[in-house]
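A.B. asks: Task: produce atomic coordinates for the following.
(chains A and B)
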Amino acid sequence: MDLTFSEEQDELRKVVRSFLAKHSDEAEVRRLAADERGHDPVVWRRMAGQLGLQGLAVPEEYGGSGFGYVDLGIVFEEAGRALLCGPYFATVALAAEALLRCDDEAARTDLLPGITSGETVATLALTEESGRWDEQGIRLTARETADGWQLTGAKTYVPDGHLADLLLVAARTPSGISLFAVAAADAPGLTRTPLPTLDQTRKQTRLEFAGTPARLLGAEGTAWPGLARTLATASVLLAAEQVGGASAALDAAVEYAKLREQYGRPIGSFQGIKHKCADMLMEIESARSAAYGGLWALDAGDEREIAVAAALAQTFCSEAFTRVAGDNIQVHGGIGFTWEHPAHLYLKRAKSCEVLLGTPSYHRELLATRLGI
Amino acid sequence: MELDFGPAVRDFRDELRDWLAAHLVGEFAEHRGVGGPTDGAAWEVRLAWDCELSAGRWLGVGWPQEYGGRGLGLLEEIVFEYEYARANAPYRATVNALDLLGPMLLQMGSEAQKKRFLPPILAVGELWGQGFSEPGAGSDLASVRTRAEREGEEWVVSGQKVWTSFGVHADWLYVLTRTDPQSVRHKGLTLLLLPTDQPGVEIRPIRNLAGQDEFAEVFLSDARTGADMVVGEVGQGWRTAMATLGIERGTTLLPQQLTFEREAESLIDLARERGALDDPMLRRRIVDAWISVRIMRTTNLRTLAELTTGRTPGAQATTAKLYASTRHQQLGYLAMELAGPAGQIVGENYGLDTRQRSFLLSLAETIYGGSSEIQRNIIGEQFLGLPKEPRP
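C.D. replies: Predicted coordinates:
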């Protein structure tokens, strides 16, 4: 039984937390939230160069460090705690995973080293107007021409799509779902429109393709299983991020409940507040079990277990983060309702995480189907 | 759930599996899964089963050999409880002494007390009951009023105890008493061991909501016990009692877990039978019930991994009881709803089926061992560091 963290993993957490305390404090989060690029390229490079965070779980042959998903989960948990802005989730949880799961060794060798070195910002463009994360939601078409494959149609709600150097695009071809790579800089026929987001800490983009040339990854029509697996992995990593965000919201609530006095005593001494905080911790620890269960499953590699644990993690952690972030505002009272106070940043991140890979209802149904319920 | 605890305990596990296969037969096998921490069903069979276990030297696996145990480690204890639960053997009648009194004596008892009391526990020769709660001291245990006075070489004890699980079967009680009449709250309390076979002790069963005489009230009027029957120090009974309640070695986590998993599976089967899976509202609640049971499992595995690697259990260990007890109740409510009108019909003499019994008894889980409200206070104050409520 090794369902606990090693000393090395504790150390990794400490290093990442102190890095983010410096580079993703509240002032920086607010600055980047208001900035269209949404991240600091210098910090992005340091994350890769100093800490190797982009390639942590990428095998060494592609320039990564070959660590496991439990390790990567620690980074996502800390990123969630610090409300890290920027394309870390899009690049690592979505794009790098999609490359690892597609059947195209040459593409991996070409494209992953740029990601792990911090050169490349990448994302996965899957959702369209319907907002669906399933196979049927993919309508954008790819056509094979004399000059190679071309994409036509639109993707939207694409995380960090406006600043990605590399777009991995799921498209429909005559024989099914296929995955394509587009180098975004100067790609002909590509229009990128940033979307103003409720949660300003994670940017979204609408992408329009008009006969844009693209590189087919793997065999035509065979991409869906790899994409489904990518979404499962990303679901677990997002769950870890959600746990981190919820933990930070609880810390803030508890700190405030100790200081704020009403009726001549700290509000945290009233059971109404104390019990709410206790329930928040219970919710978080349960969410932690859901997320960690997913991380352990990813490292163990049992595909059925991964599919189940991922759907469970997204269902539970989405609802837990949103609830805890809302309770944090309630504990803070009026001040928690202001723009000036950071409580709303967590609530908004919680809501955007909740739908980022499909709603809790969607994941609950995935889980039911996977369990045969 | 299949857990492999590694090669170090494989021989032990195999020995146990073989023994269970050979001995969990006949009447014992017919009582698979019967009984629980607040379930006194089939007491005589379960007592006989405990004697069988004792003869196989399976009680007190982790207790030192000099007191009749096997002297094995925590991992073996956990493997024992896990395999035991997997085999769905009857719930042990002696669990109170094995899980609470025994570990308390091992930690705080005198050598003479250990020698005197531990071997009969493992031999199923003496049964024990807990005398902590009183009519005026439930969640507020420090309000204990039962008095004990020293008279020569004896303590003379008077007062009333209540909610003593399986109290009518107890040969001995461990009792929290007030030995300093001037004292208030946590000070001046003393923990005493007291034999029940004497005129000053009257034990009356209390019928629980499932219709079982499972717990009891205990009337003490000048009941006597020896001066050497103090566990820990005189006046330090609160510490002794809290140490008992605080002994969480993780051994009970997996058996409870397997019970919950069996119930969740049976719930899904029931839902399938009744076509409830096509109802989107019910379907959602059924999936959520499954989720909560799976989360309990991972939470338990996290705690066990920490305990077996010698780490201090994390926050999840403090919230697990609140989570498990509240979610288990929801599971019960849902199961009863799915059972429909048929679930409302009981057998002769208020005979309950497994589902009905589990549902009704689950209502105790948010009360005993510190109610959910007390749990939230503990989490808030001891774990999150929130200030205590000022005393009026």
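
A.B. asks: Would you map the strands across the stretch 1-150 of chain A?
C.D. replies: Counting by DSSP state E, counting those that start in this stretch, the segments of the stretch 1-150 of chain A that form strands are A:122-125, A:141-145, A:148-159.

A.B. asks: Kindly reformat the ones you listed as JSON lines containing mean neighbour count and distance to chain B.
C.D. replies: Backbone N, C-alpha and C define where each C-beta goes, glycine included. Below are these laid out as JSON lines (neighbours: other C-beta atoms under 10 Å in any protein chain shown; distance: least, C-beta to the nearest C-beta, whole Å):
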{"stretch": "strand A:122-125", "mean neighbour count": "28", "distance to chain B": "27"}
{"stretch": "strand A:141-145", "mean neighbour count": "14", "distance to chain B": "33"}
{"stretch": "strand A:148-159", "mean neighbour count": "20", "distance to chain B": "25"}
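
A.B. asks: Around chain A, pick out the residues from the stretch 1-150 of chain B.
C.D. replies: Within the stretch 1-150 of chain B, the residues that sit near chain A (C-beta under 8 Å from any C-beta of the partner chain) are B:3, B:5-6.

A.B. asks: The strands of the stretch 1-150 of chain A into CSV, with extra columns for mean pLDDT?
C.D. replies: Listed next are the strands of the stretch 1-150 of chain A as CSV, based on pLDDT from 0 to 100:
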stretch, mean pLDDT
strand A:122-125, 98
strand A:141-145, 97
strand A:148-159, 98
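
A.B. asks: need those strands in a markdown table with distance to A:V254, can you?
C.D. replies: Formatted as a markdown table, the strands of the stretch 1-150 of chain A follow (distance: least, C-beta to C-beta, whole Å):
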| stretch | distance to A:V254 |
| --- | --- |
| strand A:122-125 | 36 |
| strand A:141-145 | 51 |
| strand A:148-159 | 31 |
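
A.B. asks: So, low pLDDT: which residues of chain A?
C.D. replies: A:1-2 (pLDDT under 70).

A.B. asks: so the strand ranked longest in it versus strand A:148-159, what angle?
C.D. replies: Counting by DSSP state E, the longest strand found in chain A is strand A:204-217. With axes from the mean of the first three to the mean of the last three C-alpha atoms, to 10 degrees as the basis, strand A:204-217 and strand A:148-159 are set at 150 degrees to each other.

A.B. asks: and strand A:204-217, which strands flank it?
C.D. replies: strand A:148-159 (antiparallel), strand A:176-183 (antiparallel), strand A:190-195 (antiparallel) (DSSP bridges).

A.B. asks: Can you name the element that comes right after the first one?
C.D. replies: Sequence order places strand A:166-173 as the next helix or strand after strand A:148-159, per DSSP states H and E.

A.B. asks: which helices and strands does that next one pack with?
C.D. replies: helix A:105-117, strand A:122-125, strand A:141-145, strand A:148-159, strand A:176-183, strand A:204-217 (3 or more C-beta pairs under 8 Å, 6 or more residues apart in numbering or on different chains; DSSP states H and E).

A.B. asks: The second one packs against which elements?
C.D. replies: What it means is strand A:122-125. Partner elements for strand A:122-125 (3+ C-beta pairs under 8 Å, 6+ apart): strand A:148-159, strand A:166-173.

A.B. asks: Any idea which of those gets closest to A:T222?
C.D. replies: strand A:166-173 (10.0 Å; C-beta to C-beta).

A.B. asks: Show me how far that closest one is from its chain's centre.
C.D. replies: 19 Å (C-alpha atoms, centre = their mean, to the nearest Å).

A.B. asks: Leaving out the residues flanking it, which one is nearest to the closest residue to chain B within the stretch 101-250 of chain A?
C.D. replies: As assessed by C-beta to the nearest C-beta, chain B sits closest to A:L250 within the stretch 101-250 of chain A, at 8.1 Å. Among residues not flanking A:L250 along the chain, A:M280 sits closest, at 4.9 Å (C-beta to C-beta, 6 or more residues apart in numbering or on different chains).

A.B. asks: Just give me the longest helix of the chain.
C.D. replies: Let's take chain A. For chain A, the longest helix by residue count, based on DSSP state H, is helix A:224-259.

A.B. asks: that's the other chain; I wanted chain B
C.D. replies: helix B:280-308.

A.B. asks: That one - contacts with which helices or strands?
C.D. replies: helix A:271-300, helix A:303-332, helix A:360-371, helix B:74-86, helix B:253-273, helix B:316-339.

A.B. asks: Show me the contact partners of the fifth one.
C.D. replies: By C-beta atoms under 8 Å, 6 or more residues apart in numbering or on different chains, the list of residues contacting helix B:253-273 from outside reads A:373, B:1, B:3, B:33, B:36, B:78, B:81-82, B:84-86, B:88, B:276-277, B:282, B:286, B:289-290, B:293, B:296-297, B:300, B:303-304, B:320, B:324, B:328, B:331, B:334-335, B:338-339, B:354-355, B:358.

A.B. asks: Among those, name the buried ones.
C.D. replies: By neighbour count, with 16 or more other C-beta atoms under 10 Å in any protein chain shown, the contacts of helix B:253-273 hold B:36, B:78, B:81-82, B:84-86, B:88, B:276-277, B:282, B:286, B:289-290, B:293, B:296-297, B:300, B:303-304, B:320, B:324, B:328, B:331, B:334-335, B:338-339, B:355, B:358 as buried.

A.B. asks: Please identify the buried residues of stretch B:355-367?
C.D. replies: So, applying 16+ other C-beta under 10 Å, buried residues of stretch B:355-367: B:355-362, B:364-367.

A.B. asks: which among those residues gets closest to chain A?
C.D. replies: Using C-beta to the nearest C-beta, the buried residues of stretch B:355-367 come closest to chain A at B:T366, 12.9 Å.

A.B. asks: Just the helices from the stretch 1-150 of chain A, written as ranges.
C.D. replies: A:7-23, A:26-33, A:41-49, A:69-81, A:88, A:97-101, A:105-117 (DSSP state H, counting those that start in this stretch).
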